[in-house]
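Novice: need a structure here:
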Amino acid sequence: MSEKIQISATEVGVVRVFAVDIPADQIATFTARNGSWPLREALGAETLDPEHAVVFDADDLADMGLPGYLREGHAIPEDQIEQMRAKLMAQDGTVMVITSRAFGGTAQTLNIRAPLRLIATFSETHDPITFGALPDASARTPEHQEKPQGKAPSDAAMSGRVATVVLLVLALLVIVMVWIAS
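Specialist: Numbering: from 1, shown residues only. A predicted model of the protein is given here:
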């Protein structure tokens, strides 16, 4: 029997933990991509980035355990872990932790089948982005600052511009006269 999980294209911050019912010495074969890819086939995924799907022996976590790994490595809040602590601590053998990034923003339906078995789904916490006051008053823009007015050009600058335009017109007239004469 396969379990179906909907992945939306906008899914972010979801961490799923699966039991992988294979011996630890078969992890390399299960995750290898040699023509077929047993891991992706067991997930039933269309798109899968292996960088965000970690398969390991839960006994390798030693004192930290699976709850500590999820809290420290994936920012899962303690209240979510507490609800599943007994189940996570009881998990031994091979597990897979997969994040939303593994699906590359592709909407898809996973068809989970053996040797995978979903243990839990968690949501990572992210601190909200806040923008504090600028540290120095010189970096702030006054609320009612007037736009700086440009300095009026001097009489000499205006005379230079007029002389340039006159010389361009005269040069154009000379070119036209030479062209007509030839």
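Novice: Tell me the secondary structure at the residue nearest the centre of the chain.
Specialist: Here the mean C-alpha position of the chain is nearest to the C-alpha of residue 101 (CA atoms, centre = their mean), at a distance of 7.7 Å. Residue 101 falls in the helix class when you classify it by DSSP: H, G, I helix; E, B strand; the rest coil.
Novice: For the residue lying closest to it once chain neighbours are set aside, which residues are in contact?
Specialist: Across the structure, with CB to CB, 6 or more residues apart in numbering as the measure, the residue nearest residue 101 apart from its sequence neighbours is residue 52 (4.2 Å). Using the backbone N, CA and C atoms, a C-beta is placed for each residue, glycine as well. Shown here is residue 52, whose contacts under the criterion CB atoms under 8 Å, 6 or more residues apart in numbering are 98-102.
Novice: mind running it again at 7 Å?
Specialist: Going by CB atoms under 7 Å, 6 or more residues apart in numbering, residue 52 touches 98-99, 101-102.
Novice: quick revisit: quick check: the residue nearest to the centre of the chain vs residue 128, distance?
Specialist: 20 Å (CB to CB, to the nearest Å).
Novice: what does residue 12 give?
Specialist: Taken as CB to CB, the spacing of residue 12 relative to residue 128 amounts to 14 Å.
Novice: When the two are compared, which one has more neighbours?
Specialist: The neighbour count for residue 12 versus residue 128, taken as other CB atoms under 10 Å, is higher for residue 12 (12 against 5).
Novice: Not counting its neighbours along the chain, what's nearest that one?
Specialist: Spatial nearest neighbour of residue 12, chain neighbours left out: residue 100 (5.4 Å); criterion: CB to CB, 6+ apart.
Novice: Model confidence at that neighbour, what's the number?
Specialist: Looking at residue 100, its pLDDT is 95.
Novice: biggest helix in the protein by residues?
Specialist: With residue count as the measure and DSSP state H as the assignment, the chain has helix 155-181 as its longest helix.
Novice: how far does it sit from the chain's center?
Specialist: Between the centre of helix 155-181 and the centre of its chain there are 60 Å (CA atoms, centre = their mean, to the nearest Å).
Novice: what packs against that helix?
Specialist: Here helix 155-181 touches no other helix or strand, going by 3 or more CB pairs under 7 Å, 6 or more residues apart in numbering; DSSP states H and E.
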